[in-house]
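Asks: everything below, folded, please.
(one chain, ligands or ions: 1)
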Amino acid sequence: MSPRADPDRPPETDVEFDVVVIGGGFGGMYMLHRLRGVGMSARAFEVADDVGGTWYWNRYPGARCDVESMQYSYSFSEDLEQDWSWSEKYASQPEILEYARHVADRFELRRDIRFRTRVTTASFDERAHRWTVETDRGDRVTGRFLVSAVGCLSAANLPAFEGMDDCQVPILHTGQWPHRGFDFSGLRVGVIGTGSSAIQSIPVIARDAKSVVVFQRTPNYAVPARNTPMNRDYERRVKASYPDFRALARTRMPAFLFQYDKRSALEVPPAARERHYEDYWRRGGLGFLGAFSDLLLNQASNDSAAEFVRGKIRSVVKDPTVARLLSPSNVFGCKRLCVDTGYYETFNLPHVSLVDVSETPIRRFTETGLAVADRHYDFDAIVCATGFAAMTGSLDRIRITGRNGMTLKEKWKAGPRTYLGLTSAGFPNFFTVTGPGSPSVLANMMPAIEQHVDWITHCLLRMEEAGARTIEPMVANEDDWVGHVNDVASESLRSTCSSWYIGANIPGRPRVFMPYIGGFPAYLERCNAEAESGYAGFTIEGGAPVTPPRTFPWTTRWTAVTSN
Ligand code: N01
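Replies: Residues are numbered from 1 along each chain as shown. Modelled structure (predicted):
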């Protein structure tokens, strides 16, 4: 019987591991694989009943990755890279989940994962120098090291609307979609939100539904995906030189390849600039942000791109009032740029309408629908595409206690404080994969995950070799890093709006730009330098001096760890 099919497994108590891993998404899976490769014992816990993380939960109609399939995949195994074949330029959620399952099968990862299990507490025992981890299934295990791979967009944000509990209409959240699917045929559907999840799902829901009413608080910019079936010739060419292709991608700010123009938008005359935007629009995808180098740095440049996209919205949406409502006025790309397939066109359909709730918010849920201002909307289903408590939401749900009884939540109450987005002072032997303060959501997640996991694995090996007990960052270095993360954020127009990047979507959260916006290459160099210095930015207790890894540099292609 596979571990995931065992709902009645007995709790594990008093079992010791080298490493306890939280999460069975792409981060947790690769962490397990690496640890196994270097002979360290590990136990991973995962809430879901299978691997896949974000791609396990986000099963809403139209869910799809907006990083190209050939780049949104693991690079650690050449055989895997060569064997797996994507069917489309941008993979759909079912296909990515299938890929995750394939990886789990291929590397036999499930045997070290306990599914349907939520980690509730993790406490560092300062005398034993070990983490004790407890779960909602009664497990109590210990690890010398604790690695969080809980994901950045995993804690669903379901706003507490009044009357929700009494609502008789099915309420769905895009990030917690029912696994049996949901049939919208002939139904009156309300959708709350107009972020990426809504923009992907609305056109698909509208195909079946009798009517769709979209409640929009803030319009978002969306560029066309231009998804196509996989071009097999392109696939062959990439596979013929995959290592070079990946290495090149790692030299780019977001760790994926796209056409990037080094000029400022302002140095190009208006007519030529318009043609240039047209060209990028025709290509589609997130690469639109690469049309000029200063779109996120210079307000006037940004305005030119914003106006171009608003012009596109006006040219597609027939009703001028609806077009105006759908047109954002804020900084282009400040909130995460959305990638769509037929989103704006959907508002030309007679059974799709848009309700502006920016001035008059949704007042309450009722038994049969929603009340906004003095109007009531009857629905057969309500979709909340209302996003996530991003970056720290999943960690906040676990009581993580470090030195002197300090919890991580308490330490981070004014905003996350990490060194390199990997570690946090006062929490020895604790690592976060794609945590706040790392490029994470601003980068292609797959290389971001691989780089973190490899860095952590190298570090653990060096610790083992030196016989060291604990490692944690020095407060001064953490303060410097937090300052640097803030400084680079303040140079970008991305820090200027109420986005989930700064926690603004959740009432009461501190407003701090959480991901590292300095780019993947600069970040990689910093992490390399830290390791090459023998982890000079850390306090390491016990054992001989910890030596740098032997397999550097990782400048363009870090070396996989298979032995020490
Ligand atoms: O969530 P969001 P998402 N009343 O936070 C609205 C990734 N992702 O799930 O902007 C009314 O972006 C809210 O309004 P406002 C990607 O990184 C990737 O769509 O706060 N409305 C907003 O419109 C993405 O950025 C893909 O004013 C309320 C919406 O709900 C991230 O996940 C696909 C409200 C939430 O938008 C999150 O995207 C999907 C309220 N009380 C997701 N509360 C890819 O393509 C919230 N809203 C790879």
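
Asks: with adjacent residues omitted, what lies nearest to the residue in the stretch 351-500 of the chain that the ligand sits nearest to?
Replies: Taking Cβ to the nearest ligand atom as the measure, the stretch 351-500 of the chain has residue 387 as its residue closest to the ligand, at 2.5 Å. Any C-beta I mention is one placed from the backbone N, CA and C, and that applies to glycine too. In this structure, residue 387 finds its nearest non-sequential neighbour in residue 157, 4.9 Å apart by Cβ to Cβ, 6 or more residues apart in numbering.

Asks: for residue 402, same thing?
Replies: Excluding the flanking residues, the one nearest residue 402 by Cβ to Cβ, 6+ apart is residue 427, at 3.8 Å.

Asks: please apply the same query to residue 372.
Replies: Distances taken as Cβ to Cβ, 6+ apart put residue 362 closest to residue 372, at 5.4 Å, once the chain neighbours are dropped.

Asks: show me the contacts for that neighbour.
Replies: If you count contacts by Cβ atoms under 8 Å, 6 or more residues apart in numbering, residue 362 has them with 161, 192, 215, 370, 371, 372.

Asks: so how many other residues sit close to the second one?
Replies: Just to be clear, that refers to residue 192. 24 (other Cβ atoms under 10 Å).

Asks: please renumber the chain so that the first residue is 448 from this point on.
Replies: Let's use 448 as the start, then, which means that last one is residue 639.

Asks: for it, grab phi and psi.
Replies: phi -100, psi 120 (degrees, to the nearest 10).

Asks: so it sits against residue 832, correct?
Replies: Yes - using Cβ atoms under 8 Å, residue 639 makes contact with residue 832 at a distance of 6.5 Å.

Asks: list residues touching both of the two?
Replies: In terms of Cβ under 8 Å, 6+ apart, residue 639 and residue 832 are not both contacted by any residue.

Asks: and residue 836, how far is that from residue 829?
Replies: Computed with Cβ to Cβ, to the nearest Å, the distance linking residue 836 and residue 829 is 20 Å.

Asks: from the contacts of residue 809, which single one is nearest residue 525?
Replies: Using Cβ to Cβ, the shortest approach to residue 525 within these belongs to residue 639, at 44.7 Å.

Asks: may I have the lengthiest helix in the chain as CSV, with CA atoms only?
Replies: Longest helix of the chain, by residue count under DSSP state H: helix 892-913. Output of helix 892-913 as CSV, limited to C-alpha atoms (Å, rounded to 0.1, in the frame of the first residue of the first chain):
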residue,chain,number,x,y,z
MET,A,892,10.2,28.7,-9.1
MET,A,893,11.9,25.5,-10.3
PRO,A,894,15.5,26.9,-10.5
ALA,A,895,14.8,28.9,-7.3
ILE,A,896,13.9,25.7,-5.5
GLU,A,897,16.8,23.7,-6.9
GLN,A,898,19.3,26.5,-6.0
HIS,A,899,18.0,26.6,-2.4
VAL,A,900,17.9,22.9,-1.9
ASP,A,901,21.4,22.5,-3.3
TRP,A,902,22.7,25.3,-1.1
ILE,A,903,21.1,23.8,2.0
THR,A,904,22.4,20.3,1.2
HIS,A,905,25.9,21.6,0.7
CYS,A,906,25.6,23.4,4.1
LEU,A,907,24.3,20.3,5.9
LEU,A,908,27.1,18.2,4.5
ARG,A,909,29.8,20.6,5.6
MET,A,910,28.2,20.7,9.0
GLU,A,911,28.3,17.0,9.2
GLU,A,912,31.8,16.8,8.0
ALA,A,913,33.0,19.3,10.6
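
Asks: same for whichever helix or strand comes after it, what does it pack against?
Replies: Using DSSP states H and E, the helix or strand that follows helix 892-913 in sequence is strand 917-920. In terms of contacts (3 or more Cβ pairs under 8 Å, 6 or more residues apart in numbering; DSSP states H and E), strand 917-920 is packed against strand 985-988.

Asks: buried residues, the strand it packs on. List them.
Replies: Counting neighbours by 16 or more other Cβ atoms under 10 Å, one finds that the buried residues in strand 985-988 are 985, 987.

Asks: try stretch 542-557
Replies: By 16+ other Cβ under 10 Å, the buried positions in stretch 542-557 come out as 542, 543, 544, 546, 547, 548, 550, 551, 554, 556, 557.

Asks: got those residues as CSV, with secondary structure, pLDDT and distance to the ligand columns?
Replies: Formatted as CSV, these follow (DSSP: H, G, I helix; E, B strand; the rest coil; pLDDT from 0 to 100; distance: Cβ to the nearest ligand atom, whole Å):
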residue, secondary structure, pLDDT, distance to the ligand
542, helix, 98, 13
543, helix, 98, 10
544, helix, 98, 14
546, helix, 98, 15
547, helix, 98, 15
548, helix, 98, 19
550, helix, 98, 19
551, helix, 98, 21
554, coil, 98, 25
556, coil, 98, 23
557, helix, 98, 25
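
Asks: farthest-separated two in the residues you listed?
Replies: Using Cβ to Cβ, the two most remote members of the buried residues of stretch 542-557 are 542 and 557, lying 19.7 Å apart.

Asks: sorry, back to before: now for the longest helix of the chain, which elements pack on it?
Replies: Counting contacts by 3+ Cβ pairs under 8 Å, 6+ apart, helix 892-913 packs against helix 473-484, strand 877-879, helix 967-979.

Asks: which parts of the last one are buried?
Replies: Just to be clear, that refers to helix 967-979. Neighbour counts over helix 967-979 (16+ other Cβ under 10 Å) mark 967, 968, 970, 971, 973, 974, 975, 977, 978 as buried.

Asks: dump these into a markdown table; add distance to the ligand as well.
Replies: Converted to a markdown table, the buried residues of helix 967-979 look like this (distance: Cβ to the nearest ligand atom, whole Å):
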| residue | distance to the ligand |
| --- | --- |
| 967 | 16 |
| 968 | 21 |
| 970 | 18 |
| 971 | 21 |
| 973 | 24 |
| 974 | 23 |
| 975 | 27 |
| 977 | 27 |
| 978 | 29 |
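
Asks: could those residues go into a markdown table alongside pLDDT and distance to residue 680?
Replies: Formatted as a markdown table, these follow (pLDDT from 0 to 100; distance: Cβ to Cβ, whole Å):
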| residue | pLDDT | distance to residue 680 |
| --- | --- | --- |
| 967 | 94 | 28 |
| 968 | 92 | 29 |
| 970 | 95 | 34 |
| 971 | 93 | 31 |
| 973 | 94 | 38 |
| 974 | 94 | 36 |
| 975 | 91 | 36 |
| 977 | 93 | 41 |
| 978 | 92 | 39 |
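
Asks: re earlier: phi, psi of the residue nearest to residue 834?
Replies: Residue torsions, per degrees, to the nearest 10, at residue 604 are phi -100, psi 100.

Asks: check what pLDDT it gets.
Replies: Looking at residue 604, its pLDDT stands at 94.

Asks: in the stretch 548-697 of the chain, which spans are strands?
Replies: For the stretch 548-697 of the chain, the strands defined by DSSP state E, counting those that start in this stretch occupy 560-561, 566-572, 577-582, 587-595, 618-620, 635-639, 658-663, 669-671.

Asks: next one: the stretch 798-947 of the chain
Replies: Going by DSSP E, counting those that start in this stretch, the stretch 798-947 of the chain shows strands at 799-803, 809-812, 816-819, 822-825, 828-831, 846-848, 877-879, 917-920.
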